[in-house]
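Novice: could you look at this predicted model? Sequence included:
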Amino acid sequence: MNFFKKFFTKEKQESLEKSLEKTKENFFSKLSRALIGKSRVDDEVLNQLEEILITSDVGVSTTLKIIRRIEERVARDKFMNTEELDRILREEIAALLTENQSENLEGYELPSHQKPYVIMVVGVNGVGKTTTIGKLAYQFKQLGYKVLLGAADTFRAAAVDQLSLWATRAGVEIVSQGMNTDPASVAFDTIKKGKEINADVIIIDTAGRLHTKVNLMAELSKIKRVMQKVIPDAPHEVLLVLDGSTGQNAVVQAREFTKATEVTALAITKLDGTAKGGVVIGISDEFKIPVKYIGVGEKIEDLQPFNKIAFVESLFKK
């Protein structure tokens, strides 16, 4: 199966470009103003570029890394005109994303040696966690996979109903015990049923409460333990969902969840309509966890596998 041919169509590229319009407009309008009257990249330009990257939610540490790399190139080449700055920036951001992509991700394709493939989804309320699960389920179903959802976010009002609605929309089965039940019990029953029906992929929703880290860690650890009674190496993936429109707040959430549990992949939602798309770069760089999916719209098809090359090209396309 040619993954990129199947999923990264012209329509997907256009959707990605549209979702990054505000980020791009915010960044390049600031950059253009900074370069007025400048013919070469000097300390003043670099200082202004540093401020622009930080205010575009790239993050301080990632920004300093990018600036340092550009300084090294300026020193090496002795001279760099401002017209080259776009190209240099594009190259350095692409290099950062490549370095931080610790595996060769294949989007919605599942490893054949792990069946059922178990994904535990974590994230605070309001980031689009349940919606992301529904869209993931739909995409897997479109590929011909047998999908089972587990409604283990049993504390939030309407969370179970919302996931049930998404299961219906995606055309997949769901295990639910209603509200205020034990999340670990739901996870156990879901894994057990997944094996019984020969599911290809099981997606478990979890509570989105960032109460104390101790309680969060205990809850997620318990869910993992009961899963492993049925499938010893479950979950195969812990997917953290972050709201890209919250900018640096998403970084704070990532920091808390990576302390509470071993996160293996990221989904960054709500990139459409925000000027804070630069946060994708900063999060990828700081946590060294692969960004696997990005949300670029509200439609069920608007969850894309993250293609770092396409992302950088869209960000710099004029």
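Specialist: Now that the structure is in, tell me what you want to look at. Numbering: from 1, shown residues only.

Novice: only C-alpha atoms for contact and neighbour calcs from this point on.
Specialist: OK.

Novice: which phi and psi does Thr181 have?
Specialist: Dihedral pair for Thr181: phi -100, psi 170, per degrees, to the nearest 10.

Novice: my bad, should have said Thr206
Specialist: Dihedral angles (degrees, to the nearest 10) for Thr206: phi -130, psi 160.

Novice: now do the helices in the stretch 1-150 of the chain.
Specialist: Using DSSP state H, counting those that start in this stretch, the helices of the stretch 1-150 of the chain run over 3-7, 10-19, 21-35, 43-55, 60-77, 85-100, 129-142.

Novice: right, so those: which one is the most enclosed?
Specialist: helix 129-142 (a mean of 23; mean count of other CA atoms under 10 Å).

Novice: please name the nearest non-neighbouring residue to Lys38.
Specialist: Nearest non-adjacent residue to Lys38, counting by CA to CA, 6 or more residues apart in numbering: Thr82, 6.9 Å away.

Novice: for the stretch 201-318 of the chain, what spans make up the strands?
Specialist: Taking DSSP state E, counting those that start in this stretch as the criterion, the stretch 201-318 of the chain carries its strands at 201-206, 237-243, 265-269, 291-295, 303-305.

Novice: so what are the sheet partners of the fourth one and their directions?
Specialist: Put plainly, it is strand 291-295. Pairing partners of strand 291-295, with direction, according to DSSP bridges: strand 265-269 (parallel), strand 303-305 (antiparallel).

Novice: please apply the same query to the longest one.
Specialist: Pairing partners of strand 237-243, with direction, according to DSSP bridges: strand 117-122 (parallel), strand 265-269 (parallel).

Novice: residues near Gly144, how many?
Specialist: Neighbours of Gly144 under the rule other CA atoms under 10 Å: 10.

Novice: list the contacts of it.
Specialist: Under the criterion of CA atoms under 8 Å, 6 or more residues apart in numbering, Gly144 has no neighbours.

Novice: got phi/psi on it?
Specialist: Dihedral pair for Gly144: phi 100, psi 10, per degrees, to the nearest 10.

Novice: show me what the mean pLDDT comes to for stretch 175-192.
Specialist: For stretch 175-192, the mean per-residue pLDDT is 94.

Novice: what does stretch 47-54 give?
Specialist: 92.

Novice: so where's the stretch 51-200 of the chain shaky on pLDDT?
Specialist: Applying pLDDT under 70 to the stretch 51-200 of the chain flags the ranges 100-107.

Novice: repeat the analysis, applying 80 as the threshold.
Specialist: Confidence mapping of the stretch 51-200 of the chain against pLDDT under 80 gives the ranges 77-80, 82-83, 99-109, 157.

Novice: can you list the strands paired with strand 237-243 in CSV and add mean neighbour count?
Specialist: As requested, the strands paired with strand 237-243 are exported to CSV (neighbours: other CA atoms under 10 Å):
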stretch, mean neighbour count
strand 117-122, 24
strand 265-269, 25
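
Novice: and these as TSV, adding distance to Leu240?
Specialist: Shown next, in TSV, are those (distance: least, CA to CA, whole Å):
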stretch	distance to Leu240
strand 117-122	5
strand 265-269	5
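
Novice: wait, which of the ones you listed is closest to Asp200?
Specialist: Ranking those by their distance to Asp200 (criterion: CA to CA) puts strand 117-122 first, at 6.1 Å.

Novice: who's in contact with that closest one?
Specialist: Under CA under 8 Å, 6+ apart, the answer for strand 117-122 is 110-111, 129, 133, 200-208, 234-241.

Novice: need the residue closest to the centroid of the chain.
Specialist: For the chain, Ala267 is the residue whose C-alpha lies nearest the centre (CA atoms, centre = their mean; 2.1 Å).

Novice: beta partners for that residue?
Specialist: Bridge pairing for Ala267 - DSSP bridges - gives Val241, Tyr293.

Novice: and it, how far is that from Ser19?
Specialist: Note on Ala267: its distance to Ser19, by CA to CA, to the nearest Å, is 15 Å.

Novice: now do Asn26
Specialist: Distance of Asn26 to Ser19, given as CA to CA: 13 Å.

Novice: one more: Glu196?
Specialist: Look at Glu196 and Ser19: by CA to CA, they are 41 Å apart.

Novice: cool, thanks, talk later.
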